[in-house]
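Trainee: one predicted model, sequence on top.
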Amino acid sequence: MIRKKRVGGFLLTTMGLHVVVLLLMVSLYSKTTAPKQSYSSLKAVRESEELLSLPFYSVDGMPPECIWEVGKEVGSIQVIHNRLQLPERLPAVVFSADPLSVAAFHANHIAFRHLRIYNCNGNSSHRTYHVYLVAKTNAE
């Protein structure tokens, strides 16, 4: 009888430990795979009157579903030899899938400011865009 109680207690304790370990592993897995930042949707760009009045450009283009989220035409520019091709009109809003370095903004009298990171289609970091404001400075 004592032996059966020990075996039953052992099995119950083992099952309890397995459940606790399983719950901890699921929790840790979700924390490590979730994005570290919360990204705003590209639809939030529509809410900024200041940004909507400026022309939009994207480095190496933007998929149609993301353009639809932005809500207006998005021109395409490129990074050539680690230097950003400047938009036709300045000031402008530039979307880039990768962060741009200071070296990319090579031209004299050009200022840029990283505004925010936006997400296309949902809350994952699968397709994110860094948004920059690019403008001419007063010194010429």
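Mentor: It's in. Numbering: from 1, shown residues only.
Trainee: for the protein, what spans make up the strands?
Mentor: Secondary structure of the chain (DSSP state E): strands located at 40-41, 56-59, 74-77, 79-80, 83-84, 92-96, 110-119, 128-136.
Trainee: can I get those in JSON lines with mean pLDDT and distance to residue 28?
Mentor: Every C-beta, even on glycine, is put in place using the N, C-alpha and C of the backbone. JSON lines is the format used below for the strands of the chain (pLDDT from 0 to 100; distance: least, Cβ to Cβ, whole Å):
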{"stretch": "strand 40-41", "mean pLDDT": "74", "distance to residue 28": "27"}
{"stretch": "strand 56-59", "mean pLDDT": "88", "distance to residue 28": "35"}
{"stretch": "strand 74-77", "mean pLDDT": "88", "distance to residue 28": "39"}
{"stretch": "strand 79-80", "mean pLDDT": "83", "distance to residue 28": "37"}
{"stretch": "strand 83-84", "mean pLDDT": "82", "distance to residue 28": "40"}
{"stretch": "strand 92-96", "mean pLDDT": "88", "distance to residue 28": "32"}
{"stretch": "strand 110-119", "mean pLDDT": "84", "distance to residue 28": "24"}
{"stretch": "strand 128-136", "mean pLDDT": "86", "distance to residue 28": "24"}
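Trainee: contacting residues for the closest residue in space to residue 66 that isn't next to it in sequence?
Mentor: Distances taken as Cβ to Cβ, 6 or more residues apart in numbering place residue 120 nearest to residue 66, at 4.0 Å, with adjacent residues excluded. The neighbours of residue 120, taking Cβ atoms under 8 Å, 6 or more residues apart in numbering as the test, are 41, 42, 63, 65, 66, 69, 127, 128, 129.
Trainee: repeat that for residue 115.
Mentor: By Cβ under 8 Å, 6+ apart, the contact set of residue 115 is 51, 93, 131, 132, 133.
Trainee: out of those residues, which is nearest to residue 100?
Mentor: For residue 100, the closest of those turns out to be residue 132, at 6.4 Å, with distances computed as Cβ to Cβ.
Trainee: between the strands of the chain, which one is closest to residue 9.
Mentor: For residue 9, the closest of the strands of the chain is strand 110-119, at 50.2 Å, according to Cβ to Cβ.
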